[in-house]
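>>> Pasted the sequence and its predicted model underneath.
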Amino acid sequence: MQITAADSNSRTITGRVVTFDETGNTSIGKVQFAAGSIEPTPVLLNLEHDRTRRIGKTLSIESSDQGIDATFKIAETTAGTDALIEAAEGLRDGFSVEVYFDEYETLKDGTVRVLKGELTGVALTSEPAIRSSRVTEVAATENEENEDSDSTIESEETPTTEGDEVDNTVTQAEAVETVEAAQSVTASATAVGGWTSKPRLEFTAAKYLENKIHAALGDEDAKRYILAADNTTDNAAFNPTPQMTTIINGLSTTIRPSIDAISRGVLPAAGLQFEIPKITTAPTAAAADEDAAFSETDQQSSFLSVTVKKFASQQKFSVELLTRSNPAFYDELYRNMVAAMAKAQNAYVSAAIVSGATADSTTTTTYPTAAELLGIVSRGAASVYNATAGLPNPFATRMIVGTGQWGNIMTLNDSGRPIYMASQPQNAGGQVAPTSLRGNVAGLDLYVDPSLNSGDADGTLLMVNPDAYTWYEDPAQYTLRAESTADGSVTVGLYSFGALATKIAAGAFKNNKA
C-alpha cells in the first residue's frame, strides 16, 4: 500500500465541527456556544463519541466568527475506511464537539450558553447535536503511483484495527468525560480500575503454516504449537477467545429530566447554605372615594434558605488491579461514576418536586383517558398560574411523566388515530415518540423521567413552572480524587455539590390517583 504524502487531501474529512450561536439538542439539554468560546486546538477524531474507536487526528483547524472548521486525517484502518465511505455517501456526515467548559450562562428557555470551554475531541456522528455541523468534503486516494519517490511512503507495518489508538501520545488514562456537547469536569487524579486478561496463543493460518514447516524440520516448540492447534476442542485453554472493545452497559445513563425541566443557576462559591430574598406580603391598592384613606398593606419579605447537598460515589481497587488493568476500563469507570452522580441528583430533585406539588382535586382510578388528561392539564394550568402570577413567566410550560404515563400517552387516540404521535394537522395535539424522551403534550414540553414511579401513582404526571424551582450547581460539576491506603489499595472518589431552591412549591401540579 502506498500513500501519497505530498497530497494533504488523501484520506481526509473536512467540515464545520461547531457553529457558534446555534442551539443544539444534546444529552444535557439545549446547548449553545458563544462566538470565540472554544479555542481551535488539534484533537483526535472519535467515532460516535467512543474514545476507544479513534479514527483520525486533526490536520488543520481554524476558527472564524461563524464557527470552527477542521480537516482530519483518517487512519489506515478498517474503521477509518468505513468512516470515509459513510461520510462521502451521507450516512455518517455529522460532526459533534467534545468540550469541557467552566464559564456559561443559562438563557430564559433553559439553554446552556457556553462562554469559555476547552476542546477535547471531535466525533464523527450520524446525528450531530448542532444541525449545521456537517462534513463538507471527503477525499481519499489509495494505491496511487507517484513518480517522485521522495513523496511516497510505503507502509510495512501491520494495519491497526478498529479501537486502536491513532496517536499514542494521547492515552486512555486521561481523566475525561465524553459528552455530545458540553459538561465541565475538574479532575485532580485519574480514575483506576479494570479488567485483565491472560495472553493466549495466536492461531492464524499464516502462523500455523509457519510452525508446520518448522515442525517438519524438527523444531520441538513448533511441534507443540501444532499439537495445541490441532486439539483446541479438547484443550479449551488454548482456544483463543476474542475480546471486543465495545462495552455493554444497560444500567448507566447521565440524563437528568427533572433537572432539565426546571430553571438553572450557579452555586455560590462558598458555604453549605445560602439565602434568597422572597416577598411574603405584597402591597395592595383599592378604588377609593374622594378624601378617603389609601389602601394600606405593608410589603413584607423574608429569606428562603437553600441547603447545599453533596453527592458522592466511591470505588476501591487493589494495587494488583490498578497496575494490571486494561486502560479501556478507565473511561468506562469514570462514565459510570458520573452517571451514578447524575441519577442521584435527578432523583433528589424529582422527589422534591413531587413532594411540593399541589395535588389535583379530581382523582383518576388508573391511567388518564384522553379527556381526563386534558382535564388534568387545564386544572394544572390554572393552579400553577394562580400560585406563580407574580413571576415574569407565570405559566406551567413543562410536563414531567414517569415511563408508565409516557407509554399511556402514546396509546391515546381519536377513533383509532393517535393524538400525540400524529403527523397530520387534524391530529396534532402534540408530539410523543417511543424513540425520544422529549416531546410535546397539549402545548407543554414533555420530559420523561425514569426516576418517577413507573406506574400511574400520585405524582407520576407533573406540570411545572420552571421558574418556581431552580437547581444550582458548580460550573465545574464534578471533582475526582484518588487516595492511596496503607494496604496498597487505591480509593477513588467522585463528588459534586448541588442545591434545589423550591421558590414556590405550588408552581408544580400533580395527578391524584383515587
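That came in fine, so what should we check first?

>>> Only C-alpha atoms from now on, for both contacts and neighbour counts.
Fine.

>>> Where do the strands of the stretch 401-514 of the chain begin and end?
413-414, 417-418, 430-431, 438-441, 444-448, 461-464, 469-473, 478-484, 490-502, 508-510 (DSSP state E, counting those that start in this stretch).

>>> Between those strands, which one is closest to A286.
strand 508-510 (30.5 Å; Cα to Cα).

>>> what mean pLDDT would you report for that closest one?
For strand 508-510, mean pLDDT is 97.

>>> and it, what does it pack onto?
When contacts are defined as 3 or more Cα pairs under 8 Å, 6 or more residues apart in numbering; DSSP states H and E, strand 508-510 packs onto helix 328-356, strand 358-359, helix 370-387, strand 461-464.

>>> most packed of these?
Greatest average neighbour count among the helices and strands packed on strand 508-510 goes to strand 461-464 (a mean of 29), per mean count of other Cα atoms under 10 Å.

>>> Need the CA coordinates for that one. PDB is fine.
Output in PDB follows, covering the C-alpha atoms of strand 461-464 (Å, rounded to 0.1, in the frame of the first residue of the first chain):
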ATOM      1  CA  LEU A 461     -47.700  13.200  35.900                       C
ATOM      2  CA  LEU A 462     -46.400  16.700  36.800                       C
ATOM      3  CA  MET A 463     -47.000  20.100  35.400                       C
ATOM      4  CA  VAL A 464     -44.300  22.600  36.300                       C
END
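
>>> now for it, which elements pack on it?
Using 3+ Cα pairs under 8 Å, 6+ apart as the test, strand 461-464 ends up in contact with helix 370-387, strand 398-401, strand 508-510.

>>> pLDDT of that strand, averaged?
Mean predicted lDDT for strand 461-464 stands at 96.

>>> ok, now stretch 342-350?
On average, stretch 342-350 scores 93.

>>> pLDDT weak spots in the stretch 301-450 of the chain?
319-330, 421-431, 435-436 (pLDDT under 70).

>>> quick one on the thing from earlier: quick one: the strands of the stretch 401-514 of the chain as TSV, columns for distance to I276 too.
TSV is the format used below for these (distance: least, Cα to Cα, whole Å):
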stretch	distance to I276
strand 413-414	45
strand 417-418	45
strand 430-431	36
strand 438-441	31
strand 444-448	27
strand 461-464	20
strand 469-473	11
strand 478-484	25
strand 490-502	9
strand 508-510	20
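
>>> so which of these comes closest to L374?
Of all those, strand 438-441 sits nearest to L374, with 9.5 Å by Cα to Cα.

>>> Among the helices and strands packed on strand 461-464, which comes closest to T125?
With Cα to Cα, the closest approach to T125 among the helices and strands packed on strand 461-464 belongs to strand 398-401: 29.1 Å.

>>> name the helices or strands packed onto that closest one?
Packing partners of strand 398-401 (3+ Cα pairs under 8 Å, 6+ apart): strand 444-448, strand 461-464.

>>> Compare the helices and strands packed on strand 461-464 and give me the one nearest A342.
strand 398-401 (17.0 Å).

>>> Paired strands for the closest one, with orientation please.
Strand 398-401 has the following strand partners under DSSP bridges: strand 444-448 (parallel), strand 461-464 (antiparallel).

>>> contacts for the shortest one?
With contacts defined as Cα atoms under 8 Å, 6 or more residues apart in numbering, strand 461-464 is touched by 261-262, 354, 357, 377, 380-381, 384, 396-402, 405, 507-511.

>>> Now do the strand or helix carrying E103: which elements does it pack against?
Assessed by DSSP states H and E, E103 sits inside strand 94-106. Judged by 3+ Cα pairs under 8 Å, 6+ apart, strand 94-106 is in contact with strand 12-19, strand 112-125.
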